[in-house]
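Q: curious how this folds, go ahead:
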Amino acid sequence: MAMTYQEAVEEIKRRLDVVDVVQRYVVLKKSGANYMGCCPFHKEKTPSFSVNRQKGIFKCFGCGEGGDAISFLMKIQGRSFKEVIEDEAKNMGIELPVTHGGGDFGKKKQAALDVMKKAAEFFQYNLLNSPEAEFAREYLKKRSITDEVIKTYGLGYSLKSFDGLQQHLMTDNQILENAGLAIKRENQKGYIDRFRGRLMIPVKDENGHVVAFGARALEDGQNPKYLNSPDTILYNKSHILYGFDTAKDAIRELDSVLICEGYFDTISLQVGGVKNAVASCGTALTQDHIRLIAKYCESRKIYLAFDTDNAGQMATERSASLIKEAFGGLGDIKQFDSCYATTGDQYACEIRVVSPPQGKDPDEFIRENGGNAYIEHMLNAPLLLDYRLDRLMGQMKNDISPLEKNNLVAKIIPLLEEIGNNIVQNEYVKRVATRLQIDEGLLLREIKAFRQKNEQIEEPVFEEKSQIVTKSSNFIEKMQKNLLSLFFISVSDSNRLQLISIIQSQKIENKNLNLLAQTIDKLAFMSNNTEELIQALFNEFENNSEIKHIITDLIYLSKCYENLTESELQMAMAETTEKVELFRRKEELKQLRIQSRSSVKNDSDEVQYQITVNEKLKSENWRN
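A: Numbers count the residues shown, from 1 in each chain. Presented below is the predicted three-dimensional model:
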């Protein structure tokens, strides 16, 4: 039986893990029961963005943003609730009722996914069966690519015909263009196939859907060597890592990832036993790639395995800088090897550089030496700092001149200055000084001078933090929030009834807070636990961002009361209620005095005012 729209929404929310959702965009580090990271909604260097998996919420203590997984996606994507639900439904394979699903964007995306799947099947059939693909089969055989590997990685062959794919699929050419499979002719009517006479390598997203192709040239004069899919409705090369769909489980299990440069490097590594290998798709590593990795690699241990030529070394340096920038807010980068143990939670990340001997790329090395030899080499790979120092000091010649040595030291000093631990830094200074045959004290003074120079020219960074919109400066409102927060911890039924009674007696002037209090009153005994109550409230206010902010504020505020006994909770409720009433009475007297000064016209008015005040003070309700 098909689900209703609301049932489908509930199922989507049930399956969404707020930590997994946030990690699509934010690098998080586990901190107790929460995960912390830098907020994506405002600029900050110190992480103030918290995600709680058990409660299913996120909260930024810098800018005030908060909510559940759906709220996060709506905010960061700038999309409506309906659009986010449609997208997540497709990702999960949940069918929405026709009246609610199938928006224009969703329909185009699904149509593109369908033709990409069919195109991949067609290309693979060509590779395995077409006489035209004999040259491609021979090429793969020389690279030790078996039929089993062809089928596992979906390798294929695109026919030389200008419309071979179009003739096979017989579908709307606009869909093919949307998927990046066809190109509109410039001066003529119709379309031509984008990929012709090439070895086809499917690129899949995190969930295993074919979203793009890398197409390798097979003949002399066929340029470019690799023709990649353009950015499409399905594909953005800055977001996708080749091989990630087959590597993600190993990345999580091994708590590490190896990043290389090419499609065949990745295939050879995975087939050779390095199951956690991935590659960027014809582009430099990006922040989105790093965030994707961080979702699965908790220790953030990353091996860089680029070519050893100048271009490869530049890619290593560029990628390392990007990784350090992405994880820098989470703590220190591992800089010293006491052992080759896993990173754990001690460091923000660990970067190692794999450089096989004889300057061979991973594919060539594994074909000649086997996967186990590569794994052994990888496990002994140096940390980034050691790699950088060894590479620089390896440039020193026996007959190095004083000027050349000075220039070399100038390149090494910034690396040594980055080391945060003074003892570790001193050890590296000893090694470098011995290797370069210079005085240790002189090298330390140069490092100090370099640091002081940078501190002088560094401009202060002012972070803009907007005021938390749900945080009231009103004392009574703060106390009422304290009371409402008690609904988000486990309390006895009697205390819950007492709490409801107290809330009902309160005059809550903040309209959003009052509406939330009324809804909690309605849902409190309909929910079996606090998690169900939280989810019910987010469902109730799915389109009200301000109230969702208040909900997350209350959930985090409730942590102050989590370890109280039932009697202590009763005392807290009583004290809070008394404070509210006392403050309210003082405010009322204050207002009476203000009115007296502004409105008393004669002695009789003054006498009447004094009578009113005395009556209030004598009243039982006004005694402290």
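
Q: and Ser80, how many residues sit next to it?
A: 12 (other Cβ atoms under 10 Å). Heads up, the C-betas are built off the backbone N, CA and C, glycines and all.

Q: the nearest residue to it once chain neighbours are set aside in helix, strand or coil?
A: Excluding the flanking residues, the one nearest Ser80 by Cβ to Cβ, 6 or more residues apart in numbering is Met74, at 6.9 Å. Secondary structure, DSSP: H, G, I helix; E, B strand; the rest coil: Met74 is helix.

Q: got the contact list for Met74?
A: Ser80, Phe81, Val84 (Cβ atoms under 8 Å, 6 or more residues apart in numbering).

Q: then Glu477?
A: Ile508, Glu509, Asn510, Leu513.

Q: which pLDDT value goes with the closest residue to the third one other than its chain neighbours?
A: Right, Asn510. In this structure, Asn510 finds its nearest non-sequential neighbour in Glu477, 5.6 Å apart by Cβ to Cβ, 6+ apart. Looking at Glu477, its pLDDT is 85.

Q: distance of Glu477 relative to Ile502?
A: The gap separating Glu477 from Ile502 is 15 Å, by Cβ to Cβ, to the nearest Å.

Q: list the residues that contact Ala133.
A: Asn126, Leu127, Tyr157.

Q: pretty sure the second one sits against Ala136.
A: So the one you mean is Leu127. Yes. Between Leu127 and Ala136 there is a contact at 5.9 Å, judged by Cβ atoms under 8 Å.

Q: now the common contact residues for these two.
A: Joint contacts of Leu127 and Ala136 (Cβ under 8 Å, 6+ apart) are Tyr157, Leu199.

Q: just the buried ones from the contacts of Glu477, in PyMOL syntax?
A: With 16 or more other Cβ atoms under 10 Å as the criterion, this PyMOL line picks the buried residues out of the contacts of Glu477:
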select buried, resi 508+510+513
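
Q: the host helix or strand of Glu446 packs against which elements?
A: Using DSSP states H and E, Glu446 sits within helix 440-457. If you count contacts as 3 or more Cβ pairs under 8 Å, 6 or more residues apart in numbering; DSSP states H and E, helix 440-457 packs onto helix 402-417, helix 422-436.

Q: so which bits of it are buried?
A: Residues of helix 440-457 classed as buried by neighbour count (16+ other Cβ under 10 Å): Leu443, Glu446, Ile447.

Q: tell me the gap between it and the middle of its chain.
A: Centroid separation between helix 440-457 and its chain, computed with Cα atoms, centre = their mean, to the nearest Å, is 36 Å.

Q: next SSE downstream of it?
A: Per DSSP H and E, the helix or strand that comes after helix 440-457 is helix 475-485.

Q: keeping just the C-alphas, turn that following helix into PDB.
A: In PDB, the C-alpha atoms belonging to helix 475-485 read as follows (Å, rounded to 0.1, in the frame of the first residue of the first chain):
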ATOM      1  CA  PHE A 475      14.000  38.100  32.800                       C
ATOM      2  CA  ILE A 476      10.500  36.600  32.900                       C
ATOM      3  CA  GLU A 477      10.900  35.200  29.400                       C
ATOM      4  CA  LYS A 478      14.200  33.600  30.400                       C
ATOM      5  CA  MET A 479      12.500  32.000  33.400                       C
ATOM      6  CA  GLN A 480       9.600  30.700  31.300                       C
ATOM      7  CA  LYS A 481      12.200  29.200  28.900                       C
ATOM      8  CA  ASN A 482      13.800  27.400  31.800                       C
ATOM      9  CA  LEU A 483      10.400  25.900  32.700                       C
ATOM     10  CA  LEU A 484       9.700  24.900  29.100                       C
ATOM     11  CA  SER A 485      13.100  23.300  28.800                       C
END
